[in-house]
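Chemist: task: produce atomic coordinates for the following.
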Amino acid sequence: MAEDVSPELDTRAWIRGIPALTGVAPDAPTEFPSTPSALFLTWLRQAVDGGVTEPHVCALSTVDDTGMPDSRFLILKDVGARGFWFSGSARSPKGVELTANPRASLAFYWRESGQQVRVRGVVREGDEQIRARDFVERSVTARAVATASRQSQELADSRDYERAVAGAVDSIEADPAFVSDDWRAWCLEPESVEFWQADPGRRHLRWLYRRTSDGTWTVTNLWP
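Modeler: A predicted model of the protein is given here:
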């Protein structure tokens with residue numbers, strides 16, 4: 001079988017030559033709020049104002065029943081005192097994995113501002129009201145796909161998918177308040193949140209929030 005990569009190409013040198021850390025970081029914080037969610041929202045607003053592309057997109061990492069890590073990108077839905085909210089189907093790989101092991105992490109990377117945020121903690125399901133609101137706020141098509149799709153299972157015929165979605169669209173248009181039984185709103189309740197700010201010379205800045213036993217937070221300056 002032919003090699004996918006030309007033997008004349010030094011892939012390590014080529015990858016190393018790809019430009020990195022090209023963003024322009026804002027001024028480093030001089031004061032830190034008492035909670036990581038407050039600092040995160042400040043950074044998120046700065047990212048939006050600074051033109052960062054889709055700053056609410058993040059990578060969710062979970063672990064399957066064999067201990068193998070699994071990651072995918074999704075959209076952050078909300079941030080509050082309790083934690084960081086996202087949603088999806090209980091039948092999806094992330095839903096199955098979170099049921100078996102509710103510990104997870106979220107990672108944000110904002111290239112234009114040279115910033116990262118890493119969140120680690122325990123994931124808990126939101127109540128019926130939060131779950132319903134999250135589902136109903138989606139577009140009809142998005143709700144239909146979420147209802148009809150057997151996410152990540154083998155699809156033998158794409159026509160089956162089209163028929164299932166079309167049927168779900170009809171059902172949702174007939175009952176706009178419909179909420180899929182499988183839909184979940186999850187909250188990652190953080191135990192630690194790390195904020196990272198890039199420096200082209202690799203003198204990066206890092207700050208770590210850790211939750212204490214009484215529910216308050218400590219902030220530590222870390223080595224880069």
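Chemist: now Pro26, nearest residue through space, not along the chain?
Modeler: Gln46 (5.7 Å; Cβ to Cβ, 6 or more residues apart in numbering). Where C-beta positions appear, they are placed from N, C-alpha and C, glycine not excepted.
Chemist: assign that neighbour to helix, strand or coil.
Modeler: For Gln46, the assignment made with DSSP: H, G, I helix; E, B strand; the rest coil gives helix.
Chemist: same question, Val119
Modeler: Val119 ends up strand, using three-state DSSP.
Chemist: show me what it is bridged to.
Modeler: Note on Val119: beta-bridge partners by DSSP bridges are Leu106, Val193.
Chemist: circling back: now the residue nearest to Pro26: how far from Val52?
Modeler: Separation of Gln46 from Val52 (Cβ to Cβ, to the nearest Å) stands at 8 Å.
Chemist: now the longest helix anywhere in the chain - C-alpha only, PDB.
Modeler: Identified as the longest helix of the chain according to DSSP state H is helix 158-174. Coordinates of each C-alpha in helix 158-174 appear next as PDB, following Å, rounded to 0.1, in the frame of the first residue of the first chain:
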ATOM      1  CA  SER A 158     -29.200   8.200   4.100                       C
ATOM      2  CA  ARG A 159     -32.900   8.100   3.000                       C
ATOM      3  CA  ASP A 160     -33.700   6.600   6.400                       C
ATOM      4  CA  TYR A 161     -32.200   9.700   8.100                       C
ATOM      5  CA  GLU A 162     -34.100  12.100   5.800                       C
ATOM      6  CA  ARG A 163     -37.400  10.300   6.400                       C
ATOM      7  CA  ALA A 164     -36.900  10.200  10.200                       C
ATOM      8  CA  VAL A 165     -36.100  14.000  10.300                       C
ATOM      9  CA  ALA A 166     -39.000  14.900   8.100                       C
ATOM     10  CA  GLY A 167     -41.300  12.900  10.300                       C
ATOM     11  CA  ALA A 168     -39.900  14.600  13.400                       C
ATOM     12  CA  VAL A 169     -40.300  18.100  11.800                       C
ATOM     13  CA  ASP A 170     -44.000  17.400  11.200                       C
ATOM     14  CA  SER A 171     -44.500  16.300  14.800                       C
ATOM     15  CA  ILE A 172     -42.700  19.300  16.200                       C
ATOM     16  CA  GLU A 173     -44.600  21.800  14.000                       C
ATOM     17  CA  ALA A 174     -47.800  20.200  15.200                       C
END
